[in-house]
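Peer 1: sequence and computational prediction follow.
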Amino acid sequence: MQEGRAEERRRGLNNQIRRRILLVDDEPDICLVYQIVLQDDGYECNSYTDSVKALKEFRPNYYDLILLDIKMPALNGFELCKKIREVDRTVHITFITASEAYYEKFRRQHFPELGKINYIQKPIGNEELVQIVNMIIATRV
């Protein structure tokens, strides 16, 4: 009996938690796959392959998590992160990159003021992506 009530409370809490993700990656296939995987897990996921358009349509205090590719034309992920931080200081941002060394070198050289920001290393499996996103969202509640 108590287990049933605990499960109902857990489901009620999950329904109250906003689960909105903004995904920006210039690779359309990656955007599509990640969006489908995250939506299948119950997330509302808006994805963009154009970082400038993503910034233009960004809504402050709306997303729980932003997943950003680093290497993108026009605005790279770090530049986009800085611009988002100008209008929303609280949203959690995690980078997606194929190279930890590139991430660290580029961040230290060009954007040291961003401090330590999490990243997910590509390639990443669907289940692992969901686990990491769930963990990030859970720690934000």
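Peer 2: Noted; the coordinates are in hand. If you're wondering where the values come from, they're calculated on a predicted model, not measured in any experiment.
Peer 1: tell me the buried residues in stretch 41-48?
Peer 2: 41, 43, 45-48 (16 or more other Cβ atoms under 10 Å). Where you see a C-beta, it was placed from the backbone N, CA and C, and this is true even at glycine.
Peer 1: can you put these in TSV and add pLDDT, secondary structure and distance to residue 28?
Peer 2: Below are the buried residues of stretch 41-48 laid out as TSV (pLDDT from 0 to 100; DSSP: H, G, I helix; E, B strand; the rest coil; distance: Cβ to Cβ, whole Å):
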residue	pLDDT	secondary structure	distance to residue 28
41	95	coil	21
43	96	coil	19
45	97	strand	14
46	97	strand	14
47	97	strand	9
48	98	strand	10
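Peer 1: dump those residues into CSV; add distance to residue 25 as well.
Peer 2: As requested, the buried residues of stretch 41-48 are exported to CSV (distance: Cβ to Cβ, whole Å):
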residue, distance to residue 25
41, 18
43, 16
45, 12
46, 12
47, 7
48, 8
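Peer 1: of these, closest to residue 98?
Peer 2: residue 47 (18.2 Å; Cβ to Cβ).
Peer 1: show me the contacts for that closest one.
Peer 2: 22-25, 31-32, 34-35 (Cβ atoms under 8 Å, 6 or more residues apart in numbering).
Peer 1: next secondary structure element downstream of the helix or strand hosting residue 82?
Peer 2: Element membership for residue 82, per DSSP states H and E: helix 77-87. Counting by DSSP H and E, the next helix or strand C-terminal to helix 77-87 is strand 92-97.
Peer 1: can you list contacts of that following strand?
Peer 2: Here strand 92-97 has contacts from 25, 64-71, 77, 81, 84-85, 103, 117-122, 124, 132, 136, 140, using Cβ under 8 Å, 6+ apart.
Peer 1: make it 6 Å
Peer 2: With contact meaning Cβ atoms under 6 Å, 6 or more residues apart in numbering, strand 92-97 is reached by 65-70, 77, 81, 103, 118-120, 122, 140.
Peer 1: ok, stretch 63-78 next?
Peer 2: Against stretch 63-78 from outside (Cβ under 6 Å, 6+ apart): 18, 20-26, 51-52, 80, 91-97, 111, 136-137.
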